[in-house]
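**Q** Provided below are the primary sequence and the corresponding predicted coordinates.
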Amino acid sequence: MAQLYYRYSTMNAGKTLELIKVAYNYEERGKRVLILVPEIDDRFGRGKAVSKAGLEREAVPVSEDTNLLELFLSEAERGQIDCVLLDEGQFLKKHHILELTEIVDSFDTPVMVYGLKNDFKNELFEGSMYLLIYADKIEEIKTICWCGRKATMVARVINDKFVRVGDQIMVGGNESYVSLCRKHYNDGRIGAENTRPSAKNAERAGGSPEISEGEA
Ligand SMILES: [Zn+2]
């Protein structure tokens, strides 16, 4: 019986690298995979799954209106698909998740979705919420905060400042994201250099509290 997998993590945990490894394992055994990625994630060029480690794979772009079941069936006409891999699953809509469940249940094809769970304000993405509800297997890809604890949250950082307000998805922005443990998300310390006011940081930020308070 095929299953719907949701493999989630915070940022920079190697989700895409993991997806590329799974694709490689299938292909090495002569199997065919279909790789999908929501169009919104065009930071590295459309239609590609790109890992931070530099590996990339061609992927079929998915828009808000794409019917994933129809896409699957039309791709399957060109040859049997043994597994569907989807990156950046947080950007999916509810209907996409329901279509994925049909691929699993009606066509007995495993679907593995990689993505974030919570956004930078600690709310679930739409895709993540319905993946949590519908997935057969939910697995966490772990990564750590700068302090060594498990990172469970993602901070949005703009110009070295922890930002707590703004739209869930920032397209074309100059923001970056840092994975943090809950404690350091809550106190706004985005790196070890902010833990104590060293000579260098004292003049710039006066230590950590200022970084979050201004934005909170
Ligand atoms: Zn921490």
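**A** All right, it came through fine.

**Q** in stretch 96-110, what counts as buried?
**A** By 16 or more other CB atoms under 10 Å, the buried positions in stretch 96-110 come out as His96, Ile97, Glu99, Leu100, Thr101, Ile103, Val104, Phe107, Thr109, Pro110. All C-beta spots, glycine's among them, are computed from the backbone N, C-alpha and C.

**Q** Quickly name whichever of these is closest to the ion.
**A** Using CB to the ion, Ile97 comes nearest to the ion of the buried residues of stretch 96-110, at 31.3 Å.

**Q** Let's verify the residue lying closest to the closest one once chain neighbours are set aside: helix, strand, or coil?
**A** Nearest non-adjacent residue to Ile97, counting by CB to CB, 6 or more residues apart in numbering: Tyr130, 3.9 Å away. Counting by DSSP: H, G, I helix; E, B strand; the rest coil, the backbone at Tyr130 sits in helix.

**Q** Any chance you could note which residues of this structure sit beside the ion?
**A** With CB under 5 Å from the ion as the criterion, the chain comes near the ion at residues Cys145, Cys147, Arg149, Cys181, His184.

**Q** Most widely separated two among these?
**A** Arg149 and His184 (8.0 Å; CB to CB).

**Q** more crowded one of these two?
**A** Neighbour count, other CB atoms under 10 Å: between Arg149 and His184, His184 has more, with 26 against 13.

**Q** dump the residue contacts of the more buried one.
**A** By CB atoms under 8 Å, 6 or more residues apart in numbering, the residues touching His184 are Cys145, Trp146, Cys147, Arg149, Ile190.

**Q** can we see that at 7 Å?
**A** By CB atoms under 7 Å, 6 or more residues apart in numbering, His184 lies in contact with Cys145, Cys147.

**Q** helix, strand or coil for it?
**A** Three-state assignment for His184 (three-state DSSP): helix.

**Q** pLDDT value on the most centrally placed residue in the chain, please?
**A** Per CA atoms, centre = their mean, the C-alpha nearest to the average position across the chain is that of Gly115, at 2.9 Å. Gly115 carries a pLDDT value of 95.

**Q** And the one 5 residues further on, by the same measure?
**A** Each residue has a pLDDT score; the one for Phe120 is 94.

**Q** Near the nearest residue to Arg156 once chain neighbours are set aside, how many other residues are there?
**A** Nearest residue to Arg156, sequence neighbours excluded (CB to CB, 6+ apart): Phe120, at 3.9 Å. Phe120: 23 surrounding residues under other CB under 10 Å.

**Q** Now Phe120: which helix or strand?
**A** In the assignment (DSSP states H and E), Phe120 maps to no helix and no strand.

**Q** quick one: it and Ala155 touch, right?
**A** Yes: here Phe120 reaches Ala155: they are 6.1 Å apart, a contact under CB atoms under 7 Å.

**Q** Between these two, which contacts overlap?
**A** Between them, Phe120 and Ala155 share these contacting residues under CB under 7 Å, 6+ apart: Tyr177.

**Q** quick one: Glu58 from Leu85, how far?
**A** 12 Å (CB to CB, to the nearest Å).

**Q** neighbour-wise, which of those two wins?
**A** Each of Glu58 and Leu85 has its neighbours counted (other CB under 10 Å); Leu85 has more, 25 against 9.
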